[in-house]
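Peer 1: quick check, what structure comes out for this input:
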Amino acid sequence: MPLLEVTDLRTSFHTRTGVTRAVDGVSFSLERGETLGIVGESGSGKSVTCYSILGLIPQPPGRIEGGSAVFAGTDLLRCRPEEARALRGKRIAMIFQDPMTSLNPYLRIGDQLIEPLLIHERLPREEARRRGLAMLEAVGINDAARRLDLYPHEFSGGMRQRVMIAMALITKPELLIADEPTTALDVTVQAQILELIRRMQRELGMAVIFITHDLGVVSGLCDRVQVMYAGRIVETADTRTLFHAPRHPYTRALQRSIPALQAKGATLYTIPGLPPDLSRPVPGCAFAPRCEHATDACRAERPALQALAPGHLHACPRAHASEL
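Peer 2: Now for the predicted structure:
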């Protein structure tokens, strides 16, 4: 039985300008100890998918219109609020995208770090502080005893991200959701953070959902990858298959956009056009206006995910018919 099973998840935002369908029928599963990458451009629905699973969508204007997200036998979308709170921060943890806005600037790092232990495990403050100190050392923060009493603005960006990882892992969760944890970091710190997540995953045996717009990051981190566009999954496969035999034109375009794969001195490839406005109905394939292979049929009929091989699904009829 999968650790997490998401089925037909649909999340919308109801605003004065209309209804934005941010997540539109997303389904996937995650096994224990597995790493799943969710890839796509900004606005594709990656973060909203995971926020919906955890019940972190602001309501209103957000609204989960349908679907289920079963974690270890509990449907996170239909359980009681107290059940969801007992799971969040204990068995399911999340590393948010921007640590500076996620950390409270008025509280010392140590107080924020040990809060999950005080709430979920009801540890005495002294023992919780010892656990917090050990976790800061585990994520590679030097002079951790002194830094426990510092404030977030006294840490560098990389150190704040390490603090967020320490906060997420301090209760030894079964599932970690990492929402673009390396976006604002330089390349050296990014590599350190990714290695840290890999090491902690091996030690704790937890499953990981890694959200990113960078296909290069997931290549060495994830077991499986699902590509999202306009709130829907357009392709999913194991990492090796996705990189060596991508079928959906959007996946291929993302790969062509990786700077390291460009010829030296050549103009960097960019995907033409812009993502669609999800507050308006999107006829046919959402990627068709930007796709060089699109036909009238692509613009008229909305494609469904089709299995090309076991574990490899994509939503491009032309690719499925071997026309690409």
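
Peer 1: where are the low-confidence patches of the stretch 1-150 of the chain?
Peer 2: Low-confidence segments of the stretch 1-150 of the chain, defined by pLDDT under 70, are located at 99-100.

Peer 1: repeat the analysis, applying 80 as the threshold.
Peer 2: Under the criterion of pLDDT under 80, the regions of the stretch 1-150 of the chain flagged as low confidence span 97-101, 140.

Peer 1: quick one: the helices in it?
Peer 2: Assigned by DSSP state H, counting those that start in this stretch, the stretch 1-150 of the chain shows helices spanning 46-54, 81-87, 99-102, 109-116, 125-138, 144-147.

Peer 1: and the strands in the stretch 201-324 of the chain, which stretches?
Peer 2: Using DSSP state E, counting those that start in this stretch, the strands of the stretch 201-324 of the chain run over 207-212, 224-229, 232-238, 306-309, 312-314.

Peer 1: what's the closest of the ones you listed to Glu82?
Peer 2: For the strands of the stretch 201-324 of the chain, distance to Glu82 was read as Cβ to Cβ. The smallest value, 23.8 Å, belongs to strand 207-212. C-betas here are computed from N, CA, C, even on glycine.

Peer 1: how about the CA coordinates for the closest one, as CSV?
Peer 2: The C-alpha trace of strand 207-212 is given here as CSV (Å, rounded to 0.1, in the frame of the first residue of the first chain):
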residue,chain,number,x,y,z
ALA,A,207,9.6,9.6,1.5
VAL,A,208,10.3,12.9,-0.2
ILE,A,209,8.3,15.1,-2.6
PHE,A,210,10.7,17.6,-4.2
ILE,A,211,9.1,20.6,-5.9
THR,A,212,11.2,22.4,-8.4
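
Peer 1: on that earlier part again, weakest of the strands of the stretch 201-324 of the chain by average pLDDT?
Peer 2: Among those, strand 306-309 has the lowest mean pLDDT, at a mean of 82.

Peer 1: give the buried residues for that strand.
Peer 2: When neighbours are counted by 16 or more other Cβ atoms under 10 Å, the buried residues of strand 306-309 are found to be Leu308.

Peer 1: hmm, back to that, please produce a markdown table containing the helices of the stretch 1-150 of the chain, extended by distance to Glu65 and mean neighbour count.
Peer 2: Below are the helices of the stretch 1-150 of the chain laid out as a markdown table (distance: least, Cβ to Cβ, whole Å; neighbours: other Cβ atoms under 10 Å):
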| stretch | distance to Glu65 | mean neighbour count |
| --- | --- | --- |
| helix 46-54 | 10 | 23 |
| helix 81-87 | 18 | 14 |
| helix 99-102 | 27 | 16 |
| helix 109-116 | 31 | 21 |
| helix 125-138 | 38 | 17 |
| helix 144-147 | 44 | 14 |
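
Peer 1: quick one: those helices as CSV, columns for distance to Pro249 too.
Peer 2: What follows is these, written out as CSV (distance: least, Cβ to Cβ, whole Å):
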stretch, distance to Pro249
helix 46-54, 19
helix 81-87, 38
helix 99-102, 35
helix 109-116, 43
helix 125-138, 43
helix 144-147, 48
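
Peer 1: ok, now how distant is Arg247 from Ala207?
Peer 2: 26 Å (Cβ to Cβ, to the nearest Å).

Peer 1: for Arg16, which of the strands of the stretch 201-324 of the chain is the nearest?
Peer 2: With distances scored as Cβ to Cβ, the stretch of those nearest to Arg16 is strand 232-238 (25.0 Å).

Peer 1: okay, buried residues for that closest one please.
Peer 2: 232-237.

Peer 1: can you give me the offset of it from its chain's centre?
Peer 2: Between the centre of strand 232-238 and the centre of its host chain there is 14 Å, according to Cα atoms, centre = their mean, to the nearest Å.

Peer 1: now do the longest helix along the chain against strand 207-212, angle only.
Peer 2: Criterion DSSP state H: the longest helix present in the chain is helix 187-204. Counting by axes from the mean of the first three to the mean of the last three Cα atoms, to 10 degrees, helix 187-204 points 160 degrees away from the direction of strand 207-212.

Peer 1: and helix 187-204, what's buried?
Peer 2: Buried positions in helix 187-204, judged by neighbour count with 16+ other Cβ under 10 Å: 189-190, 192-194, 196-197, 200-201.
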